[in-house]
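Engineer: Pasted the sequence and its predicted model underneath.
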Number of protein chains: 2
Amino acid sequence: MLQAGADIDKSETLTERQQAVLDAALRLLVEEGDNLTMTAVARRASCSKETLYKWFGDRDGLLTATVQWQASKVRVTPVDRKGLDLASLTASLERFASDWLKVISSDTSIALNRVAVGHAGSGKDDLGAIVLQNGRFALARRLKPVLEAGRQAELLDFEDAETAFRTFFGLVGRDVQIRLLLGDRVELTEATIGGDARRATQQFLALFGANNRP
Amino acid sequence: MLQAGADIDKSETLTERQQAVLDAALRLLVEEGDNLTMTAVARRASCSKETLYKWFGDRDGLLTATVQWQASKVRVTPVDRKGLDLASLTASLERFASDWLKVISSDTSIALNRVAVGHAGSGKDDLGAIVLQNGRFALARRLKPVLEAGRQAELLDFEDAETAFRTFFGLVGRDVQIRLLLGDRVELTEATIGGDARRATQQFLALFGANNRP
DNA sequence: GCACGGGCGTACCGTACGTTACGGTTCGGC
DNA sequence: GCCGAACCGTAACGTACGGTACGCCCGTGC
């Protein structure tokens, strides 16, 4: 499977300047995709290529460092399991859905997923694993406690939290991510995201709500 | 949006030899990913590079021709709308789901989607549009008549066929495609595919079955 | 004041690969 | 049997880019 430890906090081992360089690389990655050159990164970051190679080894090292840097930026806000009723559970789920949709439709997420998918073919680096670890799996880690709490409060009814999560994932994302990755212009305004989040949550509750099972 | 006409039948305008060359290119694409070289294709297809350039213009031309060639291979078998009852509708949906899962987990689909995603960033060609047109949109074109027939037979209840389809799409695919594209080893045996197809169909019927609405 | 190390800018090297050019071979038409 | 066209194999060219080396500046410690 995927190797663990791909989501270490990088902000400690990286100096301020290095973070700035990685930010520049990230911006360039969003603009240019995988065909960004080391010279371009150096120019954008106002540093020398030699420094890039000294700090990150080679091109792949720079890329993985950039992806990990972006990954380390999103911090998890834990959810409180106190006083869970249907309203707060619904709100939580909608919140997760809307956050997730916002993430996968963001420019940086699309760019990062694009390069990771491209690199996943030739297994030179673990970009795919890193992105997966900080995307889909991070979401699962955050959402599963909520689902478990919902089950404990007898609001939800499911056997396996993993499959329940995957269903929620499918109901929220549907075809959005693959369409975006393939370059389709999906209209995702704030309003449609909110609507989709509500719809997905309602469908999920219809499938896994405790009162809906005979 | 996506430009139409991306799914023309290529088998008429291509000679036998050219099809063989494209098949070789396709195999190579599956093995090597996007970093296949013109020399490699020529060697594998036992043809000269000059011929490649004469026939397909340049590297991008060869790539798009290859993708279109693979796309033209899958032919649509229309579904009969006669005598639709719940059993046959369920069977149809399960069939669609299982076919779809088989497709997106196949080596060639993964490879094709990978290169298309990679190229979608820099808009040099329309690989993304082609893949989307013959993947997700082709599935919608094939499935929507079934959904409409189900509604006409009062087995299904939905307002918009598009949103109903997208829900089905999400229930079937869930996180499978993105995980595969990112290099995660998802275990997809014949059995799990069948199980997933059944589960997705049941969930879809639970959400959109006519008898489930009060 | 001065050595010095880290880092910037740039010139440079090697190579991989897209693209083109060319000689040799097969094959259909006369 | 001959001609030309299509095609194969390969050599050659140009370029883009990853990676390295070198000269210079500038801040810090003595």
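Structural biologist: Now that the structure is in, tell me what you want to look at. Predicted model only: the values in this text are computed from it and were never measured.
Engineer: When you work out contacts or count neighbours from here on, use the C-alpha atoms and nothing else.
Structural biologist: Will do.
Engineer: just the helices in chain A please.
Structural biologist: All helices of chain A, identified by DSSP state H, fall at A:16-32, A:38-45, A:49-56, A:59-73, A:86-104, A:107-120, A:127-134, A:136-152, A:161-173, A:176-181, A:190-208.
Engineer: Export those as TSV, with columns for mean pLDDT.
Structural biologist: Output for those, formatted as TSV (pLDDT from 0 to 100):
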stretch	mean pLDDT
helix A:16-32	90
helix A:38-45	91
helix A:49-56	90
helix A:59-73	90
helix A:86-104	94
helix A:107-120	94
helix A:127-134	93
helix A:136-152	94
helix A:161-173	97
helix A:176-181	97
helix A:190-208	97
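Engineer: Domain map for chain A?
Structural biologist: Using automatic domain parsing, the domain ranges for chain A come out as A:16-73, A:86-212.
Engineer: sorry, back to before: okay, the helices of chain A in TSV with mean neighbour count and distance to B:L180 next?
Structural biologist: TSV is the format used below for these (neighbours: other CA atoms under 10 Å in any protein chain shown; distance: least, CA to CA, whole Å):
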stretch	mean neighbour count	distance to B:L180
helix A:16-32	18	23
helix A:38-45	17	29
helix A:49-56	14	28
helix A:59-73	19	19
helix A:86-104	18	17
helix A:107-120	24	9
helix A:127-134	24	10
helix A:136-152	17	12
helix A:161-173	22	15
helix A:176-181	21	12
helix A:190-208	19	23
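Engineer: Next, format those as CSV and append distance to DNA strand C.
Structural biologist: Output for the helices of chain A, formatted as CSV (distance: least, CA to the nearest atom of the strand, whole Å):
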stretch, distance to DNA strand C
helix A:16-32, 7
helix A:38-45, 6
helix A:49-56, 5
helix A:59-73, 13
helix A:86-104, 31
helix A:107-120, 14
helix A:127-134, 20
helix A:136-152, 32
helix A:161-173, 35
helix A:176-181, 23
helix A:190-208, 39
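Engineer: who wins for proximity to B:I130 among those?
Structural biologist: Of all the helices of chain A, helix A:176-181 sits nearest to B:I130, with 11.7 Å by CA to CA.
Engineer: Pull the residues that contact that closest one.
Structural biologist: Contact with helix A:176-181 is made by A:I104, A:S105, A:I110, A:N113, A:R114, A:R185, A:V186, B:V117, B:A120, B:L132, B:I178, as judged by CA atoms under 8 Å, 6 or more residues apart in numbering or on different chains.
Engineer: and that helix, how far from the chain's centre?
Structural biologist: 13 Å (CA atoms, centre = their mean, to the nearest Å).
Engineer: and the most centrally placed residue in chain A, what are its phi and psi?
Structural biologist: The centre of chain A sits closest to A:G135, judged by CA atoms, centre = their mean, with a distance of 2.8 Å. Per-residue torsions, A:G135: phi -110, psi -100 (degrees, to the nearest 10).
Engineer: Need the pLDDT of it.
Structural biologist: pLDDT for A:G135: 92.
Engineer: hmm, back to that, would you convert the domains of chain A into JSON lines that also reports distance to B:L139?
Structural biologist: Compiled in JSON lines, these are given as follows (distance: least, CA to CA, whole Å):
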{"stretch": "domain A:16-73", "distance to B:L139": "29"}
{"stretch": "domain A:86-212", "distance to B:L139": "12"}
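Engineer: Tell me, how many residues neighbour the nearest residue to A:R136 once chain neighbours are set aside?
Structural biologist: Excluding the flanking residues, the one nearest A:R136 by CA to CA, 6 or more residues apart in numbering or on different chains is B:D175, at 7.9 Å. By other CA atoms under 10 Å in any protein chain shown, the residues close to B:D175 number 20.
Engineer: Out of the domains of chain A, the one nearest B:E190 is which?
Structural biologist: For B:E190, the closest of the domains of chain A is domain A:86-212, at 18.2 Å, according to CA to CA.
Engineer: what does chain A put close to chain B?
Structural biologist: Neighbours of chain B within chain A, by CA under 8 Å from any CA of the partner chain: A:1-2, A:32-34, A:111, A:113-118, A:120-122, A:128-129, A:131-132, A:136, A:166-167, A:169-175, A:178-179, A:181-185, A:203, A:206-207.
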